[in-house]
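# Build me a model:
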Amino acid sequence: MISKKALSLAVALFSVLLLGLLALPVLAVTPPPLPETHYFVGAVTIGGEQAPQGTVVSAHWDGSSKQTTVGADGNYGNVWPGFYISTGDGIAPGQTITFRVNGVEAATRNFDPGSTTVLDLNIETATSLLTGVTGEVNCALILTGATVDLYKNATHVATTVSDGDGDYSLPVTATGDYEVRVNKSGYREETQDKNIPVLGPQYELDFLGETGLIPNAPLTPYVVVCINYWLHPELGCVLSTPKVVAVIHAWLFPV
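Okay, here's the model as predicted:
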């Protein structure tokens, strides 16, 4: 039977151990790097000031990319599971990675699997990132390779092409009203307006369904599908009367 003295000693030792563990600093760190993985972590600043939460950090290589966002502390990659690139992402050792902050190039590093790199990023001018997806009016088809152009006061300021998932992103360097135009061969141009009230946050503008592109010469079944969505919005693809009329017009007057 354990004596009261031995029990008291055990409790005291456990309390000291517990207090010691609680006194250790709790750090948000990336996990130990795997042999095929390269982790990146660092602070992000814009014009020398801490970047706001939600600022987009992206890594680009050979037509591929990955992205993350800045946390409330102004850092990226320091929250589990971290920000990393691996050989499974289609990159080879030594290949150059370009890092961007809100679409603006900030640094480059070579891919070094099995390592962790502290990489602070800074850009001089505050920016935002306008992102979205390009697709068709019927809500079912994503359009890849669509050209997305950004205009401000009728002046062309940026352009990009949607990727293999139909996603696009454009850097925005000034507040105000913008016009976004999407074009793709075989489709009629679609235009939307977007106001950027402040720089820093990421903004979204999709071209799909009600704002999706209409084929130059839609076939009858395509038109029927769009009319059905118009009649039955509960199906999840809500189309307005003017949009359906535009589809019918394209069917009657193909180009």
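# quick one, strands of the stretch 101-250 of the chain?
Per DSSP state E, counting those that start in this stretch, the stretch 101-250 of the chain carries strands over the ranges 104-110, 115-118, 121-123, 128-133, 147-152, 155-161, 167-172, 176-183, 190-196, 202-204.
# quick one, which of those strands is nearest to Gly74?
Gly74 sits nearest to strand 121-123 of all the strands of the stretch 101-250 of the chain, at 10.5 Å, using Cβ to Cβ. (Each C-beta comes from the backbone N, C-alpha and C, glycine too.)
# Need the pLDDT of Ala23.
Confidence at Ala23, expressed as pLDDT, is 47.
# Equivalent analysis for the one 4 residues further on, please.
The pLDDT attached to Leu27 in the predicted structure is 43.
# How about Tyr187?
At Tyr187, pLDDT is 98.
# Apart from its neighbours in sequence, what residue is nearest it?
The shortest distance from Tyr187 to any residue other than its chain neighbours is 4.1 Å, reached at Leu213 (Cβ to Cβ, 6 or more residues apart in numbering).
# Could you verify my assumption that the one you found touches Val133?
No. Using Cβ atoms under 8 Å as the test, Leu213 is too far from Val133 to be in contact (11.5 Å).
# Between these two, point out the one with more neighbours.
For Leu213 versus Val133, neighbours defined as other Cβ atoms under 10 Å are more numerous around Leu213 (22 against 19).
# quick one, what contacts that one?
The neighbourhood of Leu213, defined by Cβ atoms under 8 Å, 6 or more residues apart in numbering, consists of 134-137, 143, 146, 182, 184, 187-190, 207.
# hey, what's it bridged with?
Judged by DSSP bridges, the bridge partners of Leu213 are Glu136.
# quick one: it and Thr134, what's the gap?
7 Å (Cβ to Cβ, to the nearest Å).
# Could you pull out the residues contacting both of those two?
Each of 143, 146, 182, 184, 207 lies in contact with both Leu213 and Thr134 under the rule Cβ under 8 Å, 6+ apart.
# of those, closest to Pro242?
Distance to Pro242 across the shared contacts of Leu213 and Thr134 (Cβ to Cβ) is lowest for Phe207, with 16.1 Å.
# partners of the closest one in the sheet?
Thr134.
# residue contacts, the residue lying closest to Asp120 once chain neighbours are set aside?
Ranked by Cβ to Cβ, 6+ apart and with sequence neighbours excluded, the top spatial neighbour of Asp120 is Gly42, at 4.3 Å. Applying Cβ under 8 Å, 6+ apart, we find Gly42 in contact with 75-77, 118-121.
# thinking again about what came up before, how about TSV for the contacts of Leu213, with distance to Phe253 and neighbour count added?
Output for the contacts of Leu213, formatted as TSV (distance: Cβ to Cβ, whole Å; neighbours: other Cβ atoms under 10 Å):
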residue	distance to Phe253	neighbour count
Thr134	24	29
Gly135	23	23
Glu136	18	23
Val137	16	30
Leu143	22	19
Ala146	23	23
Val182	21	25
Lys184	19	21
Tyr187	15	20
Arg188	11	18
Glu189	16	12
Glu190	17	20
Phe207	22	27
